[in-house]
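Student: have a look at this prediction, sequence included:
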Protein chains: 2
Amino acid sequence: MDRSGGRVRHSGDLIAALSGRNLAHNLHSDVLWDLGFAIVSGQYAQGSILPPDTELLDRFRVSRTVLREALKTLAAKGLIEARARIGTRVLPRNRWNLFDADVLAWHFELGPEVSFLQSLAEVRIGIEIEAAALAAERRTDDQAGLLLAAVDRMAAARTPEEFARHDLEFHKAVADASGNPFMASISALVEMALTAAFTISSPVNEPEALEQTVAVHRAIAQAILDKSSQRAREAMRIAIAEGFARAAGRMENLESNP
Amino acid sequence: MDRSGGRVRHSGDLIAALSGRNLAHNLHSDVLWDLGFAIVSGQYAQGSILPPDTELLDRFRVSRTVLREALKTLAAKGLIEARARIGTRVLPRNRWNLFDADVLAWHFELGPEVSFLQSLAEVRIGIEIEAAALAAERRTDDQAGLLLAAVDRMAAARTPEEFARHDLEFHKAVADASGNPFMASISALVEMALTAAFTISSPVNEPEALEQTVAVHRAIAQAILDKSSQRAREAMRIAIAEGFARAAGRMENLESNP
DNA sequence: CAGGTGAATAAGTATGACAATATTGGTGAC
DNA sequence: GTCACCAATATTGTCATACTTATTCACCTG
């Protein structure tokens, strides 16, 4: 863990860039990402105590202000808890806020494991199925129009990035139409899942896969348009499950044919 | 907004105490809760700019360090974003991390509206249904035992607090048995929903309601024991929907008979 | 009128000192 | 010999002030 010399750009930039997030690089965020990743990757075990301020100060060569703000940010995300005289303890994983974009990004930074992608797909199924059903009950005509338009743009996409952007747009539109603020709040999750999945394998390059993906998304839009919550549920489940299956299959291929 | 004189204890302490969270009161957390609540309550509109550091410093009578750490914490939860020369902007609500325990608590602090409780119930249904189904597929014998034990303790509870504690314990056990880390991560959500619901009306005081609540939880446990994911799904949906319906009904009563 | 240039403003960073707090171990009373 | 209490100590919490950097807006030049 020698950080001698030039500060290393973290690979999280990739995901941040893809998702259009601002990537203002200040000192604080460097320290934050370094520590956040170290914790998520298990380098600092759950329940263990981080090195005291003085040591971290020396390691990162930043001021106390910067270090403490980074630690406060980690605390806000539920990763650590500081107590006087004791030190800064890494909290057990069930206290971490996994629905946080950064925490999620740190998980992906150590190479997305299939099991993690699967867990992600499972929660997405739970939440987005319900979002689709609610959208079918509550949608306005405008919202339905947006959904159909997004599907058309997916079908017309020519690059993986373009496809992913419109796919995300579609899922955000569903969340929006559900009228439930919590649904909109998990777009960070969807974003991460989609960019991860498309980094591994985009349907754009396989005509029949593309056609299938577009078709199932169109089915969701149509069900919502028809105000059929049951059909919306089923179609959404298929969309997410298929997306995960494609990524998982590709990863296994990569393992056998490197 | 004159805060002349003694600092006011925030009512969030109630929820924090009920949920067994540590309530170490440092300056930083005072400022944090004050600002967080002000934002969530709409006192600072989405998209608006917070007063500059100097003014907040003067208002709270704390050091710059404390103020900035509070702001960093809010930023970590997605409520604000600081930009040089512009100021600190309140982000739109869809950027807020509603799955954060604090953000959730601030929402409840301004009197839980029925619509908010409903949104909460909707996401819970989505996530916990899936958790129950997965638990049915993956449970170990030990985990099944814990579930049944929790139900028994619910049935034997004599006070609302006791009942709420074991109810929460039950839902945590389900999340744990699902083997999906995301499911465990939302216990903050469940916690808040349950304490809120029981603050409004606890089934402990109504024998037939208690019996019904226990019965449906026992059905969930039994389905998971039997490895029947479909029955687990249905029972979980009923459990959450009934809990919400009871609270909502009680709130309407309170409105007409104050 | 277009485009560059600099002043003003707000956040970002640095530093050193002091306060609060909880563990640890020792000290004394029973 | 055991227990309760207290002091030493290590670690985070807070403060005050100064300086740096980035960004916008207005002005000024071509």
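Tutor: Received the coordinates, thanks.
Student: can you list the low-confidence ranges for the stretch 151-258 of chain A?
Tutor: The model of the stretch 151-258 of chain A has pLDDT under 70 over residues A:254-258.
Student: counting neighbours, what do you get for the residue of it found nearest DNA strand C?
Tutor: Per C-beta to the nearest atom of the strand, residue A:188 is where the stretch 151-258 of chain A lies closest to DNA strand C, at 20.5 Å. To be clear about C-beta, it is placed using only N, CA and C from the backbone, and glycine gets the same treatment. By other C-beta atoms under 10 Å in any protein chain shown, 22 other residues sit near residue A:188.
Student: say whether DNA strand D is contacted by stretch A:68-82.
Tutor: Yes: counting by C-beta under 7 Å from any atom of the strand, DNA strand D is contacted by stretch A:68-82 at A:68, A:71, A:82.
Student: quick check: of these, which lies closest to residue A:110?
Tutor: In terms of C-beta to C-beta, no member of those lies closer to residue A:110 than residue A:71, at 21.3 Å.
Student: report the secondary structure state of the closest one.
Tutor: Under DSSP: H, G, I helix; E, B strand; the rest coil, residue A:71 falls in the helix class.
Student: do I have it right that it meets residue A:82?
Tutor: Yes: between residue A:71 and residue A:82 there is a contact at 6.5 Å, judged by C-beta atoms under 8 Å.
Student: residues that sit against both of these two, list them.
Tutor: By C-beta atoms under 8 Å, 6 or more residues apart in numbering or on different chains, residue A:71 and residue A:82 have these common neighbours: residue A:88.
Student: contacts only, for residue A:183.
Tutor: Contact analysis of residue A:183 by C-beta under 8 Å, 6+ apart lists A:127, A:128, A:130, A:131, A:134, A:174, A:175, A:176, B:123.
Student: in the stretch 101-250 of chain A, what residue comes closest to DNA strand C?
Tutor: residue A:102 (15.6 Å).
Student: dump the residue contacts of that residue.
Tutor: Going by C-beta under 8 Å, 6+ apart, residue A:102 touches A:32, A:33, A:36, A:77, B:76.
Student: which SSE is it in?
Tutor: helix A:101-109 (DSSP states H and E).
Student: name the next helix or strand following that helix along the chain.
Tutor: Using DSSP H and E, the helix or strand that follows helix A:101-109 towards the C-terminus is helix A:114-138.
Student: tell me the contacts of the residue nearest to residue A:57 when sequence neighbours are not counted?
Tutor: Nearest non-adjacent residue to residue A:57, counting by C-beta to C-beta, 6 or more residues apart in numbering or on different chains: residue A:67, 5.8 Å away. By C-beta under 8 Å, 6+ apart, the contact set of residue A:67 is A:31, A:53, A:56, A:57, A:60.
Student: surely residue A:194 touches residue A:166?
Tutor: No: with contact defined as C-beta under 8 Å, residue A:194 does not reach residue A:166; the gap is 10.4 Å.
Student: rewinding a little: buried subset of the contacts of residue A:67, written for PyMOL?
Tutor: With 16 or more other C-beta atoms under 10 Å in any protein chain shown as the criterion, this PyMOL line picks the buried residues out of the contacts of residue A:67:
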select buried, chain A and resi 31+56+57+60
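Student: in a markdown table, list the contacts of residue A:67 along with pLDDT.
Tutor: Converted to a markdown table, the contacts of residue A:67 look like this (pLDDT from 0 to 100):
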| residue | pLDDT |
| --- | --- |
| A:31 | 94 |
| A:53 | 93 |
| A:56 | 94 |
| A:57 | 94 |
| A:60 | 94 |
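Student: can you narrow the contacts of residue A:67 to ones near DNA strand D?
Tutor: Subset of the contacts of residue A:67 in contact with DNA strand D: residue A:53, counting by C-beta under 7 Å from any atom of the strand.
Student: can you pick out the most distant pair from the contacts of residue A:67?
Tutor: Greatest spatial distance among those (C-beta to C-beta): A:31 and A:53, at 11.9 Å.
Student: per-residue confidence for the closest residue to residue A:91 other than its chain neighbours?
Tutor: Excluding its sequence neighbours, the residue lying closest to residue A:91 (C-beta to C-beta, 6+ apart) is residue A:81, at 5.6 Å. In this model, residue A:81 is scored at 95, pLDDT.
Student: how about residue A:81, phi and psi?
Tutor: The phi/psi pair for residue A:81 (degrees, to the nearest 10) reads phi -150, psi 120.
Student: give the closest residue to residue A:252 in space, chain neighbours not counted.
Tutor: Excluding the flanking residues, the one nearest residue A:252 by C-beta to C-beta, 6+ apart is residue A:114, at 7.7 Å.
Student: and the lengthiest helix in chain A, what's buried?
Tutor: With secondary structure taken from DSSP state H, chain A has its longest helix at helix A:229-256. By neighbour count on 16+ other C-beta under 10 Å, the buried set for helix A:229-256 is A:229, A:231-240, A:242-244, A:246-248, A:251.
Student: okay, the angle between the helix or strand harbouring residue A:196 and helix A:229-256?
Tutor: Taking DSSP H and E as the criterion, the element that holds residue A:196 is helix A:187-200. Here the directions of helix A:187-200 and helix A:229-256 differ by 40 degrees (axes from the mean of the first three to the mean of the last three C-alpha atoms, to 10 degrees).
Student: quick one: helix A:187-200 to chain centroid distance?
Tutor: Centroid separation between helix A:187-200 and its chain, computed with C-alpha atoms, centre = their mean, to the nearest Å, is 5 Å.
Student: just checking, next helix/strand downstream of it?
Tutor: Following helix A:187-200 toward the C-terminus (DSSP H and E): helix A:207-225.
Student: what about that following helix, near chain B?
Tutor: No: using C-beta under 8 Å from any C-beta of the partner chain, we find that helix A:207-225 stays clear of chain B, coming within 15.5 Å at best.
Student: in PDB, list the C-alpha atoms belonging to that helix.
Tutor: Extracted C-alpha coordinates of helix A:207-225, given in PDB (Å, rounded to 0.1, in the frame of the first residue of the first chain):
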ATOM      1  CA  PRO A 207     -28.800  -8.600 -33.300                       C
ATOM      2  CA  GLU A 208     -31.200 -11.300 -31.900                       C
ATOM      3  CA  ALA A 209     -30.300 -10.300 -28.300                       C
ATOM      4  CA  LEU A 210     -31.000  -6.700 -29.100                       C
ATOM      5  CA  GLU A 211     -34.300  -7.500 -30.700                       C
ATOM      6  CA  GLN A 212     -35.300  -9.600 -27.600                       C
ATOM      7  CA  THR A 213     -34.300  -6.900 -25.200                       C
ATOM      8  CA  VAL A 214     -36.200  -4.200 -27.000                       C
ATOM      9  CA  ALA A 215     -39.200  -6.500 -27.300                       C
ATOM     10  CA  VAL A 216     -39.400  -7.100 -23.600                       C
ATOM     11  CA  HIS A 217     -39.100  -3.500 -22.800                       C
ATOM     12  CA  ARG A 218     -41.800  -2.700 -25.300                       C
ATOM     13  CA  ALA A 219     -43.900  -5.200 -23.500                       C
ATOM     14  CA  ILE A 220     -43.500  -3.400 -20.300                       C
ATOM     15  CA  ALA A 221     -44.300   0.000 -21.900                       C
ATOM     16  CA  GLN A 222     -47.400  -1.500 -23.500                       C
ATOM     17  CA  ALA A 223     -48.600  -3.100 -20.300                       C
ATOM     18  CA  ILE A 224     -48.300   0.200 -18.500                       C
ATOM     19  CA  LEU A 225     -50.100   1.900 -21.400                       C
END
